[in-house]
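S.K.: the following block contains a protein sequence and its predicted model.
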Amino acid sequence: MEADLSCSWDSDDEYEKFIQLMNPPRVVIDNETSTTATIVRVDSANKYGILLEVVQVLTDLNLIIKKAYITSDGGWFMDVFNVTDRDGKKLSDEATTSGIVDYIRKSLESDSCFISSRRRLVDVAPSVNHTSIELSGTDRPGLLSEVSAVLTDLKCNVVNAEVWTHNDRAAAVMHVTDDATGLAITDPERLYKIKELLCNVLKGSNKTRGAKTAVAMGVTHTDRRLHQLMLADRDYERSGQDSPSGNARPNVTVVKWYDKDYSLVTIRCKDRPKLLFDTVCTLTDMQYVVFHGNVDAEKPEAYQEFYIKHIDGSPVNSEAERRRVAQCLEAAIERRVSEGLKLELCTGDKIGLLSEVTRIFRENSLTVTRAEITTRGGKAVNTFYVRDAAGYPVDSKIISAIRQAIGQTILQVKDHYKCPKSPPQESPPRFLFGSLFKSRPFYNFGFG
């Protein structure tokens with residue numbers, strides 16, 4: 001895994017820790033002010049990546065961020081979030097809110113490599129439970145089936161995995177265990193063999209784009225790593241096609257605000273879970289800092305506004321850089337938007353299960369556009385988004401045949417994810433410093 005796994009104890013890191021000890025983070029949950037959402041306020045000494053860290057924690061807790069106000073000019077970070085649960089309800093359980101406070105505070109107080117250093121992109125810690133495999137390369141029908149078959153032949157059991165495809169590229173983070181021991185694979189020769197064989201599968205007959213594999217005994221934040229893998233693989237470079245299924249692309253603009261020497265990024269697109277995480281993750285991994293921001297996701301269309309600078313203090317200066325920022329944010333938004341029919345599989349876990357299921361998909365001319373593989377208490381709980389390999393609508397007769405082969409109660413058909421058919425309605429630009437600071441600084445968060 002191409003990452004700096006060692007902590008660097010340089011003076012910058014030590015100074016950050018000193019400031020943090022002198023100014024411990026403060027997390028307050030307000031359930032009284034707003035009638036529709038729980039308000040989470042976070043105050044802390046400022047450090048690079050802190051916004052992503054807080055958003056990541058809220059997202060990992062399955063909270064939906066309806067509004068957010070962000071400011072981090074100077075040495076202090078202040079954030080206000082309006083959040084709900086997955087059902088759109090306030091967090092009424094006191095134990096839940098107390099746990100959220102503790103979880104956020106402990107995360108911000110941590111002195112892990114991921115938090116303190118600008119140079120490190122991935123949080124990697126030793127693990128004896130599984131081996132982490134990262135893959136990226138050109139997408140093609142049946143690719144997941146081929147990868148799964150190789151892992152089964154190598155006596156590897158896939159216990160967790162997430163697979164994304166976008167713009168003819170594919171990336172995956174898979175956690176595997178040794179078939180015999182149920183633990184991580186540690187033999188260097190075997191790890192090398194796994195890496196080489198998977199790389200050959202990813203390459204296939206493609207001579208123009210490379211394939212990458214990495215194997216390590218470690219853990220990482222899967223969603224963030226997938227964004228990094230696809231960003232590094234330049235999936236934001238479009239090969240002439242429009243957005244998936246002809247749907248409207250996200251509306252992303254990047255302009256320079258000369259008065260304050262910031263660049264203003266505005267995003268309008270259909271709202272969905274984890275949208276804020278995806279955009280903030282991408283800005284952070286591109287080494288931009290969000291100094292101020294305003295997020296509104298209470299309507300079907302989400303609006304995000306960020307005032308950013310590069311970590312060296314410069315705004316987005318060139319047209320090429322502006323275009324690249326916009327393209328990368330568009331890609332980050334689209335990666336999680338899954339095309340195809342949603343299928344859910346729930347059954348007892350066994351060695352080679354993923355290989356068997358994806359083989360049946362491939363033999364019936366279906367390709368997997370996204371997959372989430374989990375194992376809970378000996379049960380496999382998997383979600384697949386599939387479409388016809390030739391680009392035609394998925395035939396209901398084929399789905400019936402697949403369910404017959406796998407098991408009617410084991411494989412269920414869920415609602416198809418639909419993207420907006422028409423572009424979002426244009427609305428006048430909203431500027432954070434002009435409207436939020438002066439006229440209604442806390443109105444949107446229930447403080448007014």
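M.R.: Looks like it arrived, so ask away.

S.K.: sheet partners, orientation included, of the helix or strand containing Gln304?
M.R.: Secondary structure assigned from DSSP states H and E places Gln304 in strand 301-310. For strand 301-310, sheet partners with direction are given as strand 262-270 (antiparallel), strand 288-296 (antiparallel), following DSSP bridges.

S.K.: what's the first helix or strand after that strand?
M.R.: Once strand 301-310 ends, the next helix or strand along the chain (criterion: DSSP H and E) is helix 319-335.

S.K.: tell me which residue is most central in the protein.
M.R.: Asp223 (3.5 Å; C-alpha atoms, centre = their mean).

S.K.: which of the residues in stretch 355-373 are buried?
M.R.: Neighbour-count burial for stretch 355-373, with 16 or more other C-beta atoms under 10 Å as criterion, is recorded at 355-362, 364-373. In short, each C-beta sits where N, CA and C put it, glycine included.

S.K.: just checking, which of those belong to helices?
M.R.: When DSSP state H is applied, the buried residues of stretch 355-373 are split such that Ser355, Glu356, Val357, Thr358, Arg359, Ile360, Phe361, Arg362 fall in helices.

S.K.: which helix or strand lies directly C-terminal to the lowest-mean-pLDDT helix or strand in the chain?
M.R.: Taking mean pLDDT, DSSP states H and E as the measure, the helices and strands of the chain show their lowest mean at helix 113-116, namely a mean of 37. Following helix 113-116 in sequence order, the next helix or strand is strand 131-138 (DSSP H and E).

S.K.: so how far is the very next helix or strand once past that next one from its chain's centroid?
M.R.: Downstream of strand 131-138, the first helix or strand assigned by DSSP H and E is helix 143-153. Its chain's C-alpha centre and that of helix 143-153 lie 24 Å apart, by C-alpha atoms, centre = their mean, to the nearest Å.

S.K.: for stretch 383-395, same thing?
M.R.: 23 Å.

S.K.: quick one: mean pLDDT over it.
M.R.: Predicted confidence along stretch 383-395 averages 91 (mean pLDDT).

S.K.: likewise stretch 35-53?
M.R.: 91.

S.K.: could you list the buried residues of that stretch?
M.R.: For stretch 35-53, a neighbour-count test (16+ other C-beta under 10 Å) marks 37-53 as buried.

S.K.: in helices only, show me those.
M.R.: Checked against DSSP H, those include these in helices: Ile50, Leu51, Leu52, Glu53.

S.K.: let me have these in TSV, adding distance to Val289 as columns.
M.R.: Shown next, in TSV, are these (distance: C-beta to C-beta, whole Å):
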residue	distance to Val289
Ile50	10
Leu51	8
Leu52	10
Glu53	13
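
S.K.: of the residues you listed, closest to Cys281?
M.R.: Leu52 (5.9 Å; C-beta to C-beta).

S.K.: which intervals of this structure have sub-threshold pLDDT?
M.R.: For the chain, residues meeting the criterion pLDDT under 70 lie at 1-23, 110-128, 205-209, 216-219, 239-247, 415-448.

S.K.: walk me through the domains of this protein.
M.R.: Each structural domain of the chain that the record assigns through automatic domain parsing is listed here as a residue range: 18-120+257-316+426-448, 131-236+338-414.

S.K.: and these: which comes nearest Val325?
M.R.: If you check each of the domains of the chain against Val325 by C-beta to C-beta, domain 18-120+257-316+426-448 wins as the nearest, at 5.9 Å.

S.K.: distance from the chain centre to the closest one, please.
M.R.: With C-alpha atoms, centre = their mean as the basis, the distance from the averaged C-alpha position of domain 18-120+257-316+426-448 to the chain average is 16 Å.

S.K.: Lys212 bridge partners, please.
M.R.: Using DSSP bridges, the bridge partners assigned to Lys212 are Ser136.

S.K.: can you tell me how far it is from Ile402?
M.R.: For Lys212, the distance to Ile402 equals 31 Å [C-beta to C-beta, to the nearest Å].

S.K.: neighbour count for these two, which is higher?
M.R.: Residue environment comparison for Lys212 versus Ile402 gives the larger neighbour count to Ile402, 20 against 17, counting by other C-beta atoms under 10 Å.

S.K.: would that one count as being in a helix?
M.R.: Yes - secondary structure assignment places Ile402 in a helix (DSSP: H, G, I helix; E, B strand; the rest coil).

S.K.: mind listing what it touches?
M.R.: Contacts were defined as C-beta atoms under 8 Å, 6 or more residues apart in numbering; by that measure Ile402 touches Ile360, Phe361, Asn364, Leu366, Leu411.

S.K.: now the third one: how far from Ala170?
M.R.: What it means is Asn364. 20 Å.

S.K.: what do you get for the first one?
M.R.: Counting by C-beta to C-beta, the gap between Ile360 and Ala170 amounts to 20 Å.

S.K.: now Ser132
M.R.: In this structure, Ser132 and Ala170 are separated by 17 Å, where distance is defined by C-beta to C-beta.

S.K.: quick one: which of those two has more around it?
M.R.: When neighbours are counted by other C-beta under 10 Å, Ser132 and Ala170 differ, and Ala170 comes out ahead with 26 against 22.

S.K.: is the more buried one bridged to anything, and to what?
M.R.: Using DSSP bridges, the beta-bridge partners of Ala170 come out as Gly137, Thr165.

S.K.: what does Ala68 give?
M.R.: Where Ala68 sits in a bridge, its partners, by DSSP bridges, are Phe81, Val295.

S.K.: test my guess that it contacts Leu275.
M.R.: No - the pair Ala68 and Leu275 fails to qualify as a contact (C-beta atoms under 8 Å) at a distance of 11.2 Å.

S.K.: what helix or strand is the nearest residue to Thr374 once chain neighbours are set aside on?
M.R.: With C-beta to C-beta, 6 or more residues apart in numbering as the criterion, Thr374 has its nearest non-adjacent residue at 5.0 Å, and that residue is Val381. Element membership for Val381 (DSSP H and E) is strand 379-388.
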